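*Asks:* Take this sequence and fold it.
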Amino acid sequence: MRKPFDVYKLPYRISFEKDPYEQEEKEVPYKIEKIKGRERVEVEKIVEKERKKVLTLPSGLLKEEESFSLEDIGSKIVGNIFDRVKFLKQRILELEEAIEARKEMNKKFNEEIEREIAELERILPTISDKEELREFKLNLMMLRMEKRKENTNFWKDIVALKKQLRELLEEYEIESKLSRILGGGNGRIQHI
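*Replies:* Residues are numbered from 1 along each chain as shown. All right, here's what the predicted structure looks like:
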């Protein structure tokens, strides 16, 4: 059955009930069947009950004693935006430090590999045993391969870190512009 004010129901409601469903009854018209030229009317009424999910706001989110003025809500949003701007700035600094640390690590790895290669190349002419010479050349080749592998990994890491940095810088720019528009932290919206 339809209640007179069902038309004005909000798509959500603050619910303190445990059942998140709303039941709605629908009446189905009577059944009429024709049997050998005669009409047979079923007298009993079929009632279907449909359970519709009602969107509810969590009761912890909105308390009865809280005021719902737009200024209060606006100041909470602005506070969250400023927190987000600070967080993004911190993440940007961390990523810049990670990029510098990775560059330093690559430099140290390459210097170490170069030292080992130089040492092997210095010893190589003094070796007369063919088996030992083959082993030294193999070690030299492995070190050069390790250097190439390190440089490739360095390139991949830097590309990934710079991509993350670009995304964070874009977010930071958007959020900081939004925070400036919203009044520099005083909770009042500035007119542009």
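
*Asks:* pLDDT averaged over the lengthiest helix in the chain, what's the number?
*Replies:* For the chain, the longest helix by residue count, based on DSSP state H, is helix 70-123. Averaged across helix 70-123, the pLDDT comes to 85.

*Asks:* repeat for stretch 170-182
*Replies:* In this model, stretch 170-182 has an average pLDDT of 87.

*Asks:* do stretch 141-156 as well
*Replies:* On average, stretch 141-156 scores 96.

*Asks:* So what touches it?
*Replies:* Residues from elsewhere that reach stretch 141-156 (CB atoms under 8 Å, 6 or more residues apart in numbering): 102-103, 106, 109-110, 113-114, 116-117, 120. Just so you know, the C-beta spots here come from the backbone N, C-alpha and C atoms, and that holds for glycine as well.

*Asks:* Distance to residue 95 for those - can I get that in a markdown table?
*Replies:* Compiled in a markdown table, these are given as follows (distance: CB to CB, whole Å):
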| residue | distance to residue 95 |
| --- | --- |
| 102 | 10 |
| 103 | 13 |
| 106 | 16 |
| 109 | 21 |
| 110 | 23 |
| 113 | 27 |
| 114 | 29 |
| 116 | 32 |
| 117 | 33 |
| 120 | 37 |
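
*Asks:* now the residues you listed in a markdown table, with neighbour count and distance to residue 151?
*Replies:* Listed next are the contacts of stretch 141-156 as a markdown table, based on neighbours: other CB atoms under 10 Å; distance: CB to CB, whole Å:
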| residue | neighbour count | distance to residue 151 |
| --- | --- | --- |
| 102 | 16 | 12 |
| 103 | 14 | 12 |
| 106 | 17 | 7 |
| 109 | 16 | 9 |
| 110 | 14 | 7 |
| 113 | 17 | 10 |
| 114 | 12 | 12 |
| 116 | 16 | 15 |
| 117 | 16 | 14 |
| 120 | 16 | 19 |
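
*Asks:* out of those, who's nearest residue 139?
*Replies:* Ranked by distance to residue 139 (CB to CB), these are led by residue 120 at 6.0 Å.

*Asks:* my guess is that closest one meets residue 136, correct?
*Replies:* Yes. With contact defined as CB atoms under 8 Å, residue 120 counts as touching residue 136 (5.9 Å).

*Asks:* Show me the helices in the protein, by range?
*Replies:* Under DSSP H, the chain gives helices at 70-123, 130-181.

*Asks:* any idea how far residue 96 is from residue 85?
*Replies:* 17 Å (CB to CB, to the nearest Å).

*Asks:* Which one's more surrounded, these two?
*Replies:* residue 85 (20 against 13; other CB atoms under 10 Å).

*Asks:* can you tell me which residues contact the more buried one?
*Replies:* Contacts here follow CB under 8 Å, 6+ apart; on that basis residue 85 touches 172, 175-176, 179.

*Asks:* Could you dump those residues into TSV with distance to residue 140 and neighbour count added?
*Replies:* Output for the contacts of residue 85, formatted as TSV (distance: CB to CB, whole Å; neighbours: other CB atoms under 10 Å):
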residue	distance to residue 140	neighbour count
172	47	17
175	52	19
176	53	16
179	57	19
